[in-house]
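**Student:** Kindly generate the corresponding structure for this input.
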Amino acid sequence: MCGPAGGAVQGTQRTMDAAARVRVLWAVLAVLVARVVGQELDTVAIQLDSVAIRLKGGSDDHEGRVEVLHNGKYGTICDDEWNINAAIVVCRQLGYKGAVDFKRSSFFGPGTGTVWLDNVVCKGNESTIEDCSHRGWGTNDCNHDEDAGVVCSTEIRNDIDTSDRYVSQVNLRVGEIRLRGLTKRIPQAEGYVEIMYQDKWWPICADGWDYNDAKVVCGQLGFRDALTVDLRKYRYEKPLMHKDAWLTRVDCTGSESSLTQCRLERLIQGSLSLPCLSNMTAVVKCDLGPRYSGVSPTTHRKLSAITSQPQFVRLKGGANVGEGRVEIYYNRQWGTVCDMSWDLPQASVVCRELGYGSARSAPKRAQYGQGHGPVWLDHVQCTGNELSIVDCAHSNFSATSCTHDHDASVQCNVPDLKVKEKIRVSGGRNPREGRVEVQRGRKWGVICSNSWTYKEAGVACRQLGMGYALHALKEVWYFEGDKLDFVMADLQCDGTEEALHFCRYKSWANKDCKGHQVAGIICTQARLPDLVPDASQVRTSIYLEDRPLYLLYCAAEENCLASSAYQMEWPYGSRRLLRFTQAVANFGKADFRPNIDSSQWVWHQCHAHYHSMEIFTSYDLISENGTKVAEGHKASFCLEDSHCYDGYEPKYDCNVGEQGISMGCDDTYKHSLDCQWIDITGVPSGQYTLEIVINPLRAVAEMDFENNRVSCKISYNGYQVVANECHLGEDELLNSIY
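**Tutor:** Prediction:
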């Protein structure tokens, strides 16, 4: 029973053999007792995830795409005539009290396999979804873009007879397992294992408990592994009786992502009181790892860096910690993983590699937006015990025909740091907006907005569990709220933190913010766009042009020239322009639309087009010492779908109707267009860096702002220019190291 954490095995092999013999004797005794007193006594093994209906793709077990089991295979339900009555039936069949919402149009992502049911019509009182009216199994005119979903109440039905065994339709969730420590810590990584059942916390008997069982529990609680535990300090509690334990025996292999997938035994014993043979409750000690070992239980501040080593696996596009599209760094380039064969074992390897626990979900079909660059891995097969995703069996790097609409994602179990209790919003029209207030000790304070950006707002929304930041508000005088004495000043986040308390800040002060500038947020759970510029287009198209002033009147009107141009004697002379093509793709989950209504767009007669955003792109030329030597600004004079990828259709045309960039399409600005340049007149020859930033003011919310910047090395000898090492700004760290 020894292994990587042999101390977690409670007792020697000899002790376990003896316990097994005693267990057999107890079983014989139980049968005899049952015959004497007329009570039923049996040992039952139950597999909790053997259900006829399930939810997939949601952020928790109570929501997701509805999948039903028929002829041994899971399939989906079409959303034709899908309504709240059908959702109620599904949720009650799963063991919940009811439904709070129903979803259509593959809200939780498209499923796979057969669409089993269509035109489902329920009254709401049916026992199962099969009892509702429908067209028959497998008869439909739908595709997986019409898969139905539900959001169930988190309350469990109280009218189910669970006196003899756990209800198989209700899976264990992270919130239903806890560690009861001898002392309280944040996060709680050591203690007795307890499970919530019928509104009561129940212990687990330690009979047969070993490292594999502990590893699964730790993974479900958000920790990457289990450690040796000192059992001596736990020997003083009273012996555990079977009647006090909900589970008699847990048998995991260690590769499972939750106890749900392990073999579980309960002794069905009526009113008999039999002893737990080990006389103990199962105890675990979880490995905090470098990601969580530096959390202070009193101040909630991070005391150490997550890691000083660069990581070669990352998650992108997720609003919450531990979720997103899986990306791998290989051959000096980030790429994605194809979702063929993607499931919980593979996802759990990624989660643990990043310092989280096991995976609670393994979303497919680019649920967190499409990546860019190569698809590095395909047909990944893991046992669940690998240290890295690249240790799993897979096809050769980039040897795949998979496209980015099949990018794989993960949702990891993460430890409960109790940070949600340290933040609140007040004064808003709904719970997702308002003035941000944070707790210090027993007092609440506001945050000064002098350094408040989308990064800080994103961390606040994440801490609240409310999705992405839609707006980072610097003035909140229109939100009502109590006057608070304390303020958090000069807050600065890098955007990856789990809570504002982990960000850098200057001080807490008992005073007002300067100019009464207080921070606020508007959060959203909606899907967002994700703009990504094409670095290769810049590198291959860049060149110089000396353009006469008499051809630049429209450009001057739109402020596309350097300030020195307006001091010249027009129309004589010329300007030296650094020109290049720019292509901007939308790899997100929603269309990119201007931040103001079309009725407020400004008409520019010179070019005969509307300006829908004040600044859509900024261009900067930076010297080797970091000084900006030239800049350009490009208004979004024509946001449209220049080209769409397979499976997507163009929607926006700036000459007809609305402006925007559709999901799965790109907007290309050719080098020949006005303002598609930087005016470098008077700039001396030398080595420079060209930086291009899309949506620089972050006026429109996106899933990820880190991939909005292109950086190129520029060599300029006074009459010729060459660009090299063009890449997205988010790739700079690893490129500089390797």
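**Student:** quick one: residue 405 is in a helix?
**Tutor:** Yes - assignment of residue 405 by DSSP: H, G, I helix; E, B strand; the rest coil places it within a helix.
**Student:** Neighbours of residue 642, how many?
**Tutor:** 18 (other Cβ atoms under 10 Å). For every residue, glycine as well, the C-beta is placed using N, CA and C.
**Student:** who's in contact with it?
**Tutor:** 583, 665, 666, 667, 668 (Cβ atoms under 8 Å, 6 or more residues apart in numbering).
**Student:** ok, and the most crowded of those residues?
**Tutor:** residue 667 (26 neighbours).
**Student:** got a list of what that one touches?
**Tutor:** 583, 584, 639, 640, 641, 642, 661.
**Student:** so how far is the helix or strand hosting it off the chain centroid?
**Tutor:** Residue 667 belongs to strand 665-669 when assigned by DSSP states H and E. Centroid separation for strand 665-669 versus its chain: 27 Å, with Cα atoms, centre = their mean, to the nearest Å.
**Student:** Using PDB, list the CA coordinates for that strand.
**Tutor:** The C-alpha trace of strand 665-669 is given here as PDB (Å, rounded to 0.1, in the frame of the first residue of the first chain):
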ATOM      1  CA  CYS A 665     -14.300  36.400 -39.400                       C
ATOM      2  CA  ASP A 666     -11.500  39.000 -39.800                       C
ATOM      3  CA  ASP A 667     -11.300  42.600 -40.800                       C
ATOM      4  CA  THR A 668      -8.300  43.400 -43.100                       C
ATOM      5  CA  TYR A 669      -6.900  46.900 -43.600                       C
END
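**Student:** if you average pLDDT over it, what comes out?
**Tutor:** Averaging pLDDT along strand 665-669 gives 92.
**Student:** Could you do stretch 463-483 as well?
**Tutor:** On average, stretch 463-483 scores 85.
**Student:** picking that back up, list the pairing partners of the strand holding residue 667 within its sheet, with orientation.
**Tutor:** In the sheet, strand 665-669 lines up against strand 582-586 (antiparallel), strand 643-644 (antiparallel) (DSSP bridges).
**Student:** Report the mean per-residue pLDDT for stretch 559-573.
**Tutor:** Averaging pLDDT residue by residue across stretch 559-573 gives 90.
**Student:** where exactly do the helices run in the stretch 251-400 of the chain?
**Tutor:** For the stretch 251-400 of the chain, applying DSSP state H, counting those that start in this stretch gives helices covering 289-292, 344-353.
**Student:** Turn the strands paired with strand 665-669 into JSON lines, columns for mean pLDDT and distance to residue 139.
**Tutor:** Shown next, in JSON lines, are those (pLDDT from 0 to 100; distance: least, Cβ to Cβ, whole Å):
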{"stretch": "strand 582-586", "mean pLDDT": "93", "distance to residue 139": "37"}
{"stretch": "strand 643-644", "mean pLDDT": "92", "distance to residue 139": "33"}
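**Student:** out of those strands, deepest packed?
**Tutor:** Most buried of the strands paired with strand 665-669 by mean neighbour count (mean count of other Cβ atoms under 10 Å) is strand 582-586; its value is a mean of 23.
**Student:** which other residues reach that strand?
**Tutor:** Defining contact as Cβ under 8 Å, 6+ apart, one finds that strand 582-586 is touched by 372, 529-534, 537-538, 592, 617, 642, 661-669, 676, 692, 694.
**Student:** now, which of those residues lie within strands?
**Tutor:** Of the positions in those, 531, 532, 533, 617, 665, 666, 667, 668, 669, 692, 694 sit in strands, assigned by DSSP state E.
**Student:** What is the nearest of those to residue 411?
**Tutor:** Of all the ones in strands among the contacts of strand 582-586, residue 411 sits closest to residue 532, with 22.5 Å by Cβ to Cβ.
**Student:** Who are the contact partners of residue 431?
**Tutor:** 425, 466.
**Student:** Report the secondary structure state of it.
**Tutor:** Assigned with three-state DSSP, residue 431 falls in the coil class.
**Student:** Endpoints of stretch 616-627, how far apart?
**Tutor:** 23 Å (Cα to Cα, to the nearest Å).
**Student:** residues in contact with that stretch?
**Tutor:** Outside stretch 616-627, the residues touching it (Cβ under 8 Å, 6+ apart) are 578, 582, 584, 628-636, 639, 677-678, 680, 683, 686-696, 714.
**Student:** tally of neighbours for residue 212?
**Tutor:** 24.
**Student:** same question, residue 511
**Tutor:** Residue 511: 10 neighbours (other Cβ under 10 Å).
**Student:** can you pull up the bridge partners for residue 716?
**Tutor:** Beta-bridge partners of residue 716, as defined by DSSP bridges: residue 686, residue 721.
**Student:** Let me see the contact set for it.
**Tutor:** Residue 716 touches 680, 683, 685, 686, 687, 688, counting by Cβ under 8 Å, 6+ apart.
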